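[1] return a 3D structure for these sequence lines:
(2 chains)
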Amino acid sequence: MIVPGLIVLFIYQYLPMFGFVMAFQDFKPAFGISGSEWVGWDNFTYALNLPNISQVVWNTFYISVLKVIASQAFPIAVAILLNEVRMMLFKRTVQTLIYLPHFLSWIIMGGILVDILSPSKGIVNQFLGLFGAEPIFFLGDADIFPYVLVLSDLWKDFGFNTIVYLAALTSINPHLYEAAVIDGANRWKQIRHVTLPGMVPIVVLVATLSLGNILNAGFDQVFNLYSPSVYETGDIIDTLVYRTGILQAKYALATAIGLFKSVVSFVLIVVSYVLAYRIANYRIF
Amino acid sequence: MVQNRSLSAIIFHVFNYAFLGVMALLCVLPLVHVLAVSFSSSTEAEAGLVSLWPIDFTADSYRYVLNKPEFFKSLGVTLQKVSLGTALNLLLVILLAYPLSRETKEFPMRTFYAWAIVFTMLFNGGLVPTYMVVRETQIMDTIWALVLPGAIPVFHVVMLLNFFRGIPKELVEAAHMDGAGHWTVLRKIMLPLSIPALATLLLFNIVGHWNSWFDGLIYMNSPENYPLQTYLRTIIIELDFTALGAMDAIHQLENVSERTTRAAQIFLGALPVMLVYPFLQNYFMKGIVLGSVKG
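    Now for the predicted structure:
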């Protein structure tokens, strides 16, 4: 029963891992892995000496940390507010609408963003123009680009991220609220003393697990929104690997960078799972 | 909860409903705007006069898009990918999740295989080596390149195996007493009881296959084989009309502009997902919560 799945996994997940030997070779596609020359750590030293490598690693780290913070704080707030809504029809409608962007691809979302953020025709700049603001080139200005990434990522996924927090809220014992009300707590005090403490475990868990993703700043999103004018602040490890590896066909160099990323990510994920188990008693299965 | 009708409570509720309403609108208004642009005439759209309602209503941009052979070709590839890919994913995930959900005494190697599978979720070969393997297995430029490399979403296996484990053991034991083998248990007990989880996975797979574009971009050498989203990318994101020879055609049509056709295609690319997901929403809310957060 288990065999077909294992075969597919072996071919498309485990075989590529052997491909990592390319990182230690002067890989020439014509000779293949067996025929190419071994060069030791040369590809890694070369990668470390690329002029923009530290900037790219920093971008990746900076963008994903901002995303982790935003994509936790905002959905928690929305979940708490949704939880206070008593009109079920309203609650449901809001939920359905805020989940929607999560299910659209970054091609679609990117297309929408390119259109509404355009400096000349975009509706956002027209709206800002009503207040006398100069048109802003959101997707072409290296100073703003990282924040456009964080905000558009938040826009796409905050609704979906509220699901987990909403579930955590429903599991808080209602007696706690009744007790708080008897003690004279108003709505704010209930939120501060009952709701928030009740959410701490799940918040800690999600934060811990997101540690493993710190080197994934969102390839789909960045790749579909960036342009050479924002490479300085917007280029991340994954997009760099794509451009050097596939477009410029520097297979060995791209594999070396990819190996570096896989190893660091692996360590981070294992650490985050161990922490999640220790702190929140979380297990994958 | 006790309802109090104090002034501060009323202010809070007004603020709360307004805030959530604005959030919900922010999620859909950009789409409504794009829809309005797609139904407007080119002059108004290019002049930036359209906000949320079409000006000078026309369906010409849709007529133009739907008359393009490339659009239908890529739609065909996508439909093939969605049906074949979803079927394959679900089949393989079920076949992996069932044995792994059994106890160690029934399936002694369970822990080893479970970790071997989870390991691929934690560590992967990276872009270039995976690309090389796909090339070596001779499936470049075929539909298989779009469905095989990602045929096992490990996270789905974990979700489903957790769901299977939540099904009372007594049911399975009773079935074994009656002489049922594992295939019968899977078919007659596990699957019917897992409908919510399976519906969730079905939705995720359909949406995932419909939305994916990167595999099309790297594994398909010729643009005729691009699935819809990859094809849309060449038009919506790269703004590279000349590559597909569409530039001349566009200027021949009076009422169609780059902006309105782009809007029409964005909308067409999003439409099926918008139609499917509300129906399965109830399932996936339960499914996600059961699969990812336990206790």
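
[2] residues touching the closest residue to A:W106 other than its chain neighbours, list them.
    Leaving aside its sequence neighbours, A:W106 sits nearest to A:D220 (C-beta to C-beta, 6 or more residues apart in numbering or on different chains; 4.0 Å). Yep, even glycine has a C-beta here, placed from its N, CA and C like the rest. Counting by C-beta atoms under 8 Å, 6 or more residues apart in numbering or on different chains, A:D220 touches A:105-106, B:214.

[3] nearest to A:Y14 among these?
    Distance to A:Y14 across the contacts of A:D220 (C-beta to C-beta) is lowest for B:F214, with 21.2 Å.

[4] distance of that closest one from B:N124?
    14 Å (C-beta to C-beta, to the nearest Å).

[5] what's the answer for B:I152, then?
    Counting by C-beta to C-beta - B:I152 and B:N124 are separated by 12 Å.

[6] please tell me how far A:V204 sits from chain B.
    12 Å (C-beta to the nearest C-beta, to the nearest Å).

[7] count of residues packed around A:R243?
    15 (other C-beta atoms under 10 Å in any protein chain shown).

[8] for chain B, longest helix please?
    helix B:258-292 (DSSP state H).

[9] that helix - what's its average pLDDT?
    Per-residue pLDDT values across helix B:258-292 average out to 79.

[10] for the strand or helix carrying A:L268, name the packing helices and strands.
    Per DSSP states H and E: A:L268 is located in helix A:251-280. Applying 3 or more C-beta pairs under 8 Å, 6 or more residues apart in numbering or on different chains; DSSP states H and E, we find helix A:251-280 packed against helix A:42-48, helix A:196-210, helix A:237-241, helix B:110-122, helix B:127-136.

[11] in a markdown table, list those helices along with distance to B:P168, mean pLDDT and mean neighbour count.
    As requested, these are exported to a markdown table (distance: least, C-beta to C-beta, whole Å; pLDDT from 0 to 100; neighbours: other C-beta atoms under 10 Å in any protein chain shown):
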| stretch | distance to B:P168 | mean pLDDT | mean neighbour count |
| --- | --- | --- | --- |
| helix A:42-48 | 53 | 81 | 17 |
| helix A:196-210 | 27 | 85 | 17 |
| helix A:237-241 | 44 | 90 | 23 |
| helix B:110-122 | 19 | 85 | 16 |
| helix B:127-136 | 40 | 86 | 21 |
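
[12] do you know which of the ones you listed lies nearest A:A252?
    helix A:42-48 (5.2 Å).

[13] wait, does the closest one make contact with chain B?
    No - Helix A:42-48 is not in contact with chain B by C-beta under 8 Å from any C-beta of the partner chain; minimum separation 11.5 Å.

[14] following that helix, which helix or strand comes up?
    helix A:53-84.

[15] what residues of that following helix count as buried?
    A:53, A:56-57, A:59-60, A:63-64, A:66-68, A:70-72, A:74-76, A:78-84 (16 or more other C-beta atoms under 10 Å in any protein chain shown).

[16] could you list every helix and strand in contact with it?
    Going by 3+ C-beta pairs under 8 Å, 6+ apart, helix A:53-84 lies up against helix A:88-99, helix A:145-170, helix A:196-210, helix A:231-234, helix A:237-241, helix B:7-38.

[17] just those helices: most buried one?
    helix A:237-241 (a mean of 23; mean count of other C-beta atoms under 10 Å in any protein chain shown).

[18] re earlier: the longest helix of chain B vs helix A:88-99, what angle?
    110 degrees (axes from the mean of the first three to the mean of the last three C-alpha atoms, to 10 degrees).

[19] does chain A have contacts with helix B:258-292?
    Yes - against chain A, helix B:258-292 shows contacts by C-beta under 8 Å from any C-beta at B:259, B:262-263, B:265-266, B:269-270, B:273-274, B:277-278, B:281, B:285, B:288-289, B:292.

[20] and A:N52, its phi and psi?
    phi -100, psi 10 (degrees, to the nearest 10).

[21] the helix or strand hosting B:G85 and chain A, any residue contact?
    Assigned by DSSP H and E, B:G85 belongs to helix B:69-101. Yes - counting by C-beta under 8 Å from any C-beta, chain A has neighbours in helix B:69-101: B:91-93, B:95-96, B:98-100.

[22] where does the stretch 151-285 of chain A get nearest to chain B, residue-wise?
    A:G258 (3.1 Å; C-beta to the nearest C-beta).

[23] hmm, B:T130 and that residue touching each other?
    No - look at A:G258 against B:T130 with C-beta atoms under 8 Å: they stay out of range, at 9.3 Å.

[24] so what touches stretch B:133-149?
    Everything outside stretch B:133-149 that qualifies as a contact, by C-beta under 8 Å, 6+ apart, is A:8, A:11-12, A:15-16, A:19, B:77, B:80-81, B:84-85, B:88-89, B:125, B:130, B:209, B:212, B:215-216, B:219-222, B:225, B:227.

[25] residue contacts, residue 103?
    Answering for chain A, as no chain was given. B:207, B:211, B:273-274, B:277.

[26] meant chain B, my bad for not saying
    Residues in contact with B:E103 (C-beta under 8 Å, 6+ apart) are B:R110.

[27] now do it, the pLDDT please.
    82.

[28] quick one: classify it as helix, strand or coil.
    coil (DSSP: H, G, I helix; E, B strand; the rest coil).

[29] before we move on, back to that, nearest to B:E46 among the residues of helix B:69-101 next to chain A?
    Proximity of the residues of helix B:69-101 next to chain A to B:E46 (C-beta to C-beta) peaks at B:V93, which lies at 47.5 Å.

[30] what about that closest one, neighbour count?
    Using other C-beta under 10 Å, B:V93 is surrounded by 25 other residues.

[31] ok, it touching B:V158?
    No - applying C-beta under 8 Å as the test, B:V93 and B:V158 come out as separate, 9.8 Å apart.

[32] quick check: pLDDT value at the residue nearest the centre of chain B.
    Taking C-alpha atoms, centre = their mean, the centroid of chain B lies closest to B:V207, which sits 1.8 Å from it. Among the per-residue scores, B:V207 holds a pLDDT of 90.

[33] same question, B:T234
    84.

[34] I'd say it and B:P223 touch.
    Yes - counting by C-beta under 8 Å, B:P223 is a contact partner of B:T234 at 7.1 Å.
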